[in-house]
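Participant: could you work out the structure for the sequence below:
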Amino acid sequence: MKKHFVRILAAVLMGCMLSACGSGGKAASAPAESATPSSQASAAEEKAEGAVSEISLFNNKVEIDDALKQYAQTYEQLTGVKVNVTSYGGGGAIDSFGMLKTMSQSGDLPEIFVIAGPTHYEQFKEYICDLSDQEWTQYTEQAYLGENGEVVGFPVAIEGYGLAYNARILKEAGVDPNGIKTFSDIKSAFETIDAIKDELGLNCVVSMAASPELNWVTGEQNFNVYLSGGLARDDDSMINALLSGQVDEQRLRHYADYVELLFQYANSKTMTVATYDAQVSEFALEKAAFVHQGNWIDPTLKESGIDFEMGYVPQAFLPTATNGIFISAPTWYVVNSQSPGAEEAKKFLNSIAMTEEGHDYMVNIASMVPAFTNVKLTPAGRLSADVMRWNNEGEAYSWNQYHLPDGFALNTLAPIFEQFAAGSIDKEGFIAGVTKAINSLK
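Facilitator: Residues are numbered from 1 along each chain as shown. Next comes the predicted model:
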C-alpha cells in the first residue's frame, strides 16, 4: 500500500501545488441558509429577444475541466445559454495567466476568466466587473475585493490547512481535539501522546516538514500562523507591519515556541530530509497522530484506501484561544466588464452558488469544497468536509503568506526554519534570523 500511496502522491503533488496558490479579499457573510431552490428550468422561456445566448469561460483548473463542461451543458439545457469552457493550465499558473494577458492585448478576453491574487487583479482590473449586487455575495467570506472594497471575484473553491489529526489515536490517548484552543492545550496534547507513542505504534506525534524540498510548508504555510493566526479575516495588521519591516516581538516569540514544539515532537529524519510523499505517508500509515498539511491530500488518501476518521485542530500558538484554521480561495472567477455578455456571465456564476444543480456540480461532480455557506452538501473527503465545517462556522483565518515579497518566503524565511529543524540554530537564533529578515524589508 505504501508503494502505491507514494506513486499517487507524486502525481497529485503538482496539481495540489498549483491549486494552493493565491490570495485575496473577503466579503461579508450572512447566516447559513438552505440552498435556494433551482429556478433555472423556466429561464430559457424568459430570455428576451436579442439577448446574448453564448458566453465563454476561461478555466485554469484543468482537473475540473470535464465537470465544468458537464455543468455548462446542464446550464444550456435549462437556460438556453451556451457556455464555452476552455481549460488551460497543466503546465502551471504562469502559462494560463500569460495566455490571458495575450487575450487581453488582442481584445479577446472571455466573459468569465480567473485571477489568482493581487498581481493578476492589478493586471486585469480595467476589465473586471463589480459584482457587489450579486445574490451569492451574502453567503461567502471568500470573495475577492477590489481596490475600493467592492466584490469583484467569485471564489472557485476553497482549500484549508492546519494540523490534521487521526481521531482514533487521539481517542486512545485520551486527547479531546475540541479542547485544543491554546498553546498550553496543544503542548499538553503532544506530551500526552508522546508518553505512550510506542504503545500507540507511532514514530512521532506530528509529521512535520522542514526540508528544502518542502520550503513552502514552512516559509509560506507555517509562517502564515504568525501573519494571520487568531486574527479577524480583515485584520491585515501583521502582514502590513512586516511589509514595512516591523516585527511584533511578543507575537514572534509565541510563534517561535510553537515552531519549536512542532520540531521537538516530529520525526527528525522525516522533517529535515524527506519528501512530501514521506511526510504525508507517515500520517497516512498511522505512524503520526498529526500532520501539517491541507485538505488537498484527500484524493490521494482516498485512492490509497485510507479512510480513518480525521479532522483539523487549530495551530494554537498563542496563550489565548485560537479557534480556526487557515482557509482561502486559491482562485476567483471574474466577469469581463467590456463584454456584451457580462450580464449572462453573472447569471451563470450566480447559478453555481444559488441552485441545487450548481451545488451538485461543485461538491459531487467537481469534488471541490464550496466557498458558500448556503451549500449543504458535504464533500466526500474527510479533511475537505472538516474544512467546509470550519468555514461554515466562520472559524477561518486568512492566507496572507501570498502577500509576502517575491522570494521572501521560500528563499529567505524557509532556510531559517531548516537551520532550526537541523539544530544548527536554537530558538533564540530562529527569532533573531526571522527578525533580521523582516527588518531588511524597511
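Participant: which residues in the protein form strands?
Facilitator: When assigned using DSSP state E, the strands of the chain occupy the ranges 54-59, 82-87, 112-115, 144-145, 151-155, 159-166, 204-207, 288-294, 310-313, 325-328, 332-335, 396-397.
Participant: for K69, find the nearest of those strands.
Facilitator: Judged by Cβ to Cβ, the one of the strands of the chain that comes nearest to K69 is strand 82-87, at 4.9 Å. Placement of C-beta: from N, CA and C, glycine included.
Participant: distance between the closest one and the chain's centre?
Facilitator: How far strand 82-87 lies from its chain's middle: 25 Å, per Cα atoms, centre = their mean, to the nearest Å.
Participant: likewise for stretch 246-256?
Facilitator: Relative to its parent chain, stretch 246-256 has a centroid offset of 24 Å by Cα atoms, centre = their mean.
Participant: residues of that stretch that come out buried?
Facilitator: 247, 251-252, 254-256 (16 or more other Cβ atoms under 10 Å).
Participant: on that earlier part again, tabulate the strands of the chain in JSON lines, adding columns for mean neighbour count, mean pLDDT and distance to Y361.
Facilitator: Formatted as JSON lines, those follow (neighbours: other Cβ atoms under 10 Å; pLDDT from 0 to 100; distance: least, Cβ to Cβ, whole Å):
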{"stretch": "strand 54-59", "mean neighbour count": "20", "mean pLDDT": "97", "distance to Y361": "13"}
{"stretch": "strand 82-87", "mean neighbour count": "18", "mean pLDDT": "96", "distance to Y361": "12"}
{"stretch": "strand 112-115", "mean neighbour count": "26", "mean pLDDT": "96", "distance to Y361": "15"}
{"stretch": "strand 144-145", "mean neighbour count": "23", "mean pLDDT": "95", "distance to Y361": "21"}
{"stretch": "strand 151-155", "mean neighbour count": "27", "mean pLDDT": "98", "distance to Y361": "14"}
{"stretch": "strand 159-166", "mean neighbour count": "26", "mean pLDDT": "96", "distance to Y361": "18"}
{"stretch": "strand 204-207", "mean neighbour count": "27", "mean pLDDT": "98", "distance to Y361": "34"}
{"stretch": "strand 288-294", "mean neighbour count": "26", "mean pLDDT": "96", "distance to Y361": "22"}
{"stretch": "strand 310-313", "mean neighbour count": "24", "mean pLDDT": "98", "distance to Y361": "25"}
{"stretch": "strand 325-328", "mean neighbour count": "27", "mean pLDDT": "96", "distance to Y361": "21"}
{"stretch": "strand 332-335", "mean neighbour count": "26", "mean pLDDT": "98", "distance to Y361": "13"}
{"stretch": "strand 396-397", "mean neighbour count": "24", "mean pLDDT": "94", "distance to Y361": "23"}
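Participant: out of those strands, which gets nearest to V273?
Facilitator: Smallest distance to V273 across the strands of the chain (Cβ to Cβ): 13.5 Å, for strand 204-207.
Participant: which elements pack onto the closest one?
Facilitator: Here strand 204-207 touches helix 183-195, helix 276-284, strand 288-294, going by 3 or more Cβ pairs under 8 Å, 6 or more residues apart in numbering; DSSP states H and E.
Participant: just checking the distance from it to the centre of its chain.
Facilitator: Distance of strand 204-207 from its chain centroid, counting by Cα atoms, centre = their mean, is 23 Å.
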